[in-house]
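Engineer: Requesting a structural model of the entry that follows:
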Amino acid sequence: MAIADRIVTWLVLPLVGPQALWVKWRAAALPAPSGALAGVSGSGPDLQLMIAGDSSALGTGAPDQASALSGGLLRRLGPTRRVHWTVEAKSGDTARDLLARIEALPSRRLDIAVLSIGINDAKNGVREWLWRRRMIRALDILQDRFGARLICLSGLPPVGQFPLLPMPLRWVMARRVARFDRGLARIAADRPNCIYVPLDVTIEPDKMAADGFHAGPEMYAIWAGMLFDAIRDKIPQPRVGDG
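Structural biologist: Numbers count the residues shown, from 1 in each chain. Okay, the predicted model is just below:
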């Protein structure tokens, strides 16, 4: 963090603390979307997909999984592949939670892992070096134990545009989340089977969920399209015997 940023953050801390508690309460009020968190969809050669992370990976803000991030990806993958998919996500999860979750899963093969994680680490004040170490460990497990052939790191959203966030909390979070987002890009750049997909979007309030913090169905559809466009030419070929 730049010295000037650190000074300003400390100066506004008495205001930011109560605002952060209010935002946490407000953002936690939305229920998880309905629907199964695993299944098989589409037709063609088999493709093993895991979507993992926090409330955005879970689809909070959408009424059901069909209109969440998972549904948007399945609609795009399904015409050419028979997708065996799971969602391993929980609202409020950090990189530490993600690491514990995938460490506890039984080993199985994965073709694609899509991760949406980091905003809670940034929001909760986790040290960047510690968050980065946990992320790298999680990616190592996905590659070594699950044989993930492609890992897609979704960029973090432009929280400076979130309708829910008041100033000065919006300023503080936007700058911190942006640093974590740049960290995701650096992590991906060091791994040949990993890509980073920036969320270069303009947040329109009517496409957000009612809490002003999570995506709504339209935003999830846009997000899924961005991820698919980034991976469509990198989707692993069917393994021998699939389909």
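
Engineer: contacting residues for Gln161?
Structural biologist: Going by Cβ atoms under 8 Å, 6 or more residues apart in numbering, Gln161 touches 202-203. (Glycine included, C-beta is placed from N, CA and C.)

Engineer: Okay, it and Arg170: tell me how far apart.
Structural biologist: Separation of Gln161 from Arg170 (Cβ to Cβ, to the nearest Å): 9 Å.

Engineer: and what of Asp200?
Structural biologist: Distance, Asp200 to Arg170, by Cβ to Cβ: 19 Å.

Engineer: same thing with Ala122?
Structural biologist: In this view, Ala122 and Arg170 are 13 Å apart by Cβ to Cβ.

Engineer: What of Ala113?
Structural biologist: 31 Å.

Engineer: Which one's more surrounded, those two?
Structural biologist: Ala113 (25 against 19; other Cβ atoms under 10 Å).

Engineer: A strand includes the more buried one, no?
Structural biologist: Yes. Counting by DSSP: H, G, I helix; E, B strand; the rest coil, Ala113 is part of a strand.

Engineer: Who are the contact partners of it?
Structural biologist: 49-52, 142, 146, 148, 150-152.

Engineer: Neighbour-wise, give me the winner out of the residues you listed.
Structural biologist: Going by other Cβ under 10 Å, Ile51 tops these with 28 neighbours.

Engineer: ok now do that residue, which residues does it touch?
Structural biologist: Contacts of Ile51 (Cβ under 8 Å, 6+ apart): 57, 69-70, 73, 85-89, 113-114, 116.

Engineer: Same question for His84.
Structural biologist: Contacts for His84 (Cβ under 8 Å, 6+ apart) come out as 39-40, 46-49.

Engineer: what about it, which helix or strand?
Structural biologist: In this structure, His84 sits in strand 82-89 according to DSSP states H and E.

Engineer: Just the mean pLDDT for stretch 53-65, thanks.
Structural biologist: Predicted confidence along stretch 53-65 averages 96 (mean pLDDT).

Engineer: Glu218 and Pro192: what is the separation?
Structural biologist: From Glu218 across to Pro192, the span is 34 Å (Cβ to Cβ).

Engineer: Phi, psi for the nearest residue to Leu227 once chain neighbours are set aside please.
Structural biologist: Distances taken as Cβ to Cβ, 6 or more residues apart in numbering place Val197 nearest to Leu227, at 5.6 Å, with adjacent residues excluded. When quoted as degrees, to the nearest 10, the phi and psi of Val197 stand at phi -120, psi 100.

Engineer: okay, now Val197: neighbour count?
Structural biologist: Neighbours around Val197, by other Cβ under 10 Å: 20.

Engineer: That one against Ser154, yeah?
Structural biologist: Yes. Using Cβ atoms under 8 Å, Val197 is in contact with Ser154, at 5.6 Å.

Engineer: any residues in contact with both of those two?
Structural biologist: Leu227.

Engineer: quick revisit: could you say which of the contacts of Ile51 is surrounded by the most neighbours?
Structural biologist: Ser70 (32 neighbours).

Engineer: Tell me how far His47 lies from Gly212.
Structural biologist: Careful, residue 47 is Leu and not His. Relative to Gly212, and taking Cβ to Cβ, Leu47 is found at 35 Å.

Engineer: Compare these two (neighbour count), which wins?
Structural biologist: Taking neighbours as other Cβ under 10 Å, Leu47 and Gly212 compare with Leu47 leading, 25 against 16.

Engineer: And that one, its phi and psi?
Structural biologist: The phi/psi pair for Leu47 (degrees, to the nearest 10) is phi -140, psi 130.

Engineer: And His214, what's its pLDDT?
Structural biologist: 89.

Engineer: Repeat that for Ala122.
Structural biologist: Taking Ala122 on its own, its pLDDT is 88.
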